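S.K.: I need the structure of the sequence given here:
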Amino acid sequence: MRRLGLRLPIVQGPFGGGLSSVELTTAVSDAGGLGSFGAHHLDAAGIDDTASAIRARSAGPFALNLWVPFEDSEAPDVDDEQFARYVALLQPYFDELGVPAPQRPARYMPRFDEQVDAVLAARPAVFSFVFGIPPEDVLRRCRDLSITTLGAATTPDEAVALAQAGVDMIVATGFEAGGHRVSFLRPAEESLTGTFALVPQVVDAVDCPVIAAGGIGDGRGLVAAMALGAQAVQIGTAFLACSESNASDVHRRRLFSGDARHTALTRAFSGRLARGIRNRLMDELADHATELAPYPVQNWLTGRFKSEAVAQDRPDLMSLWSGQAAPLLRERNAAALITHLMAQAQAVAARMGA
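M.R.: Numbers count the residues shown, from 1 in each chain. Okay, here's the model as predicted:
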């Protein structure tokens, strides 16, 4: 971690879908951790603008994060008839929110190769990625530019694959984590190892630094992760709840409510398995799991009405991403959260005689 200029063993989870913010990324970096920005939804121009905005606010190290596309996921083979069926399944929600049903787009997501070019041109301290391993030439270009690479694993086998490809650091992401399950070797439903079991297995399996993620919401979790061999922790939901994130007020309120005790895994919002606070849309579409569109089609479709659900204060129709540690959260800004994490971690370590 020291080679990145980090004073603290804390990495902010990179939220996708517009939940990341320049303010949060820079606040974490300025406090001594690694701020991260989830950029998978941005085109090349958006990535360039974001990197420039981060640098305008902070000289600290930061990470830009992309999703590695599965085969055919950038341009899925979905014809007009299939698209109409996928829309029909969601039509009641479009109608309820007063949003017109969308027409089939030319593309559902930006081109990964163009995103990568923009990330490398921005030269962040860290290029992080999920859902797989970038092509060999991309990793070589990162080495040539002295950009540290950070991949994500949900199983020991995925960690080994990342290490063998030459990835510099690995996030071991346990079942408890909020948001998407970033599995890439086996189906996500078969890759649900918890953080406490996963981290030591990954530490034993690879020689590169391991960062623990999933269900870590306070200093106790930080100390536990380090005891298991992790060199740092990646914290998502606790930073998502901070005032600087782009989470909506209605989302943030749910993170601090009793509802946060009830999370579930669903494909309803994106077509990929993800953990969020259980709500009506998740429950209703659970009975239609085989009828959901694949990613990125489902993600694009629900994205046509999610902003209106926010505007109408309708958490029952929103993706309320959250990990299982949300009940530990308190309302704080990023600097206060980091101060609390480190103070609690030091107190726990002292009590244990470490």
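S.K.: where exactly do the helices run in the stretch 201-350 of the chain?
M.R.: For the stretch 201-350 of the chain, the helices defined by DSSP state H, counting those that start in this stretch cover 219-227, 237-240, 249-255, 280-286, 297-311, 334-351.
S.K.: pick the most buried one from these.
M.R.: When you average the neighbours per residue for each of the helices of the stretch 201-350 of the chain (mean count of other CB atoms under 10 Å), helix 237-240 leads with a mean of 28. C-beta here means a position set from N, CA and C on the backbone, and glycine is covered the same way.
S.K.: hang on, the earlier thing: out of the helices of the stretch 201-350 of the chain, flag the one nearest V99.
M.R.: helix 297-311 (4.7 Å; CB to CB).
S.K.: tell me where the model's unsure across the stretch 251-354 of the chain.
M.R.: For the stretch 251-354 of the chain, residues meeting the criterion pLDDT under 70 lie at 354.
S.K.: and the helices of the stretch 201-350 of the chain as CSV, adding distance to D48?
M.R.: What follows is these, written out as CSV (distance: least, CB to CB, whole Å):
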stretch, distance to D48
helix 219-227, 34
helix 237-240, 24
helix 249-255, 28
helix 280-286, 34
helix 297-311, 22
helix 334-351, 24
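S.K.: out of those, which is closest to M1?
M.R.: Minimum separation from M1 across the helices of the stretch 201-350 of the chain (CB to CB) falls at helix 219-227, 11.4 Å.
S.K.: and D117, how far is that from G46?
M.R.: Distance, D117 to G46, using CB to CB, to the nearest Å: 13 Å.
S.K.: kindly export the helix or strand harbouring G35 (C-alpha atoms) in CSV.
M.R.: Here G35 sits within strand 35-38, counting by DSSP states H and E. C-alpha atoms of strand 35-38 as CSV (Å, rounded to 0.1, in the frame of the first residue of the first chain):
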residue,chain,number,x,y,z
GLY,A,35,-10.5,7.0,-3.3
SER,A,36,-12.2,5.1,-6.2
PHE,A,37,-14.6,6.1,-8.9
GLY,A,38,-16.8,3.6,-10.7
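S.K.: name the helices or strands packed onto the next helix or strand after it?
M.R.: Under the assignment DSSP H and E, the closest C-terminal helix or strand after strand 35-38 is helix 44-57. Counting contacts by 3 or more CB pairs under 8 Å, 6 or more residues apart in numbering; DSSP states H and E, helix 44-57 is packed against helix 22-30, strand 35-38, strand 62-67, helix 112-122.
S.K.: ok, L337 touching A238?
M.R.: Yes. Using CB atoms under 8 Å, L337 makes contact with A238 at a distance of 6.0 Å.
S.K.: from the chain's centroid, how far away is the strand holding G35?
M.R.: Centroid separation between strand 35-38 and its chain, computed with CA atoms, centre = their mean, to the nearest Å, is 9 Å.
S.K.: any regions of the stretch 1-150 of the chain where pLDDT drops low?
M.R.: For the stretch 1-150 of the chain (pLDDT under 70), the answer is 72-75.
S.K.: give me phi/psi at the closest residue in space to K306 that isn't next to it in sequence?
M.R.: Sequence neighbours aside, M318 is the residue nearest to K306 in space, at 5.9 Å (criterion: CB to CB, 6 or more residues apart in numbering). With angles defined as degrees, to the nearest 10, M318 sits at phi -110, psi 160.
S.K.: can you give me the neighbour number for M318?
M.R.: Neighbour count of M318, defined by other CB atoms under 10 Å: 25.
S.K.: please report how far it lies from I147.
M.R.: M318 sits 34 Å away from I147, going by CB to CB.
S.K.: hmm, G194 and T154 touching each other?
M.R.: No. Taking contacts as CB under 8 Å, T154 lies outside contact range of G194: 10.6 Å.
S.K.: so which residues of the stretch 51-200 of the chain form helices?
M.R.: Assigned by DSSP H, counting those that start in this stretch, the helices in the stretch 51-200 of the chain fall at 80-97, 112-122, 136-144, 156-164, 195-205.
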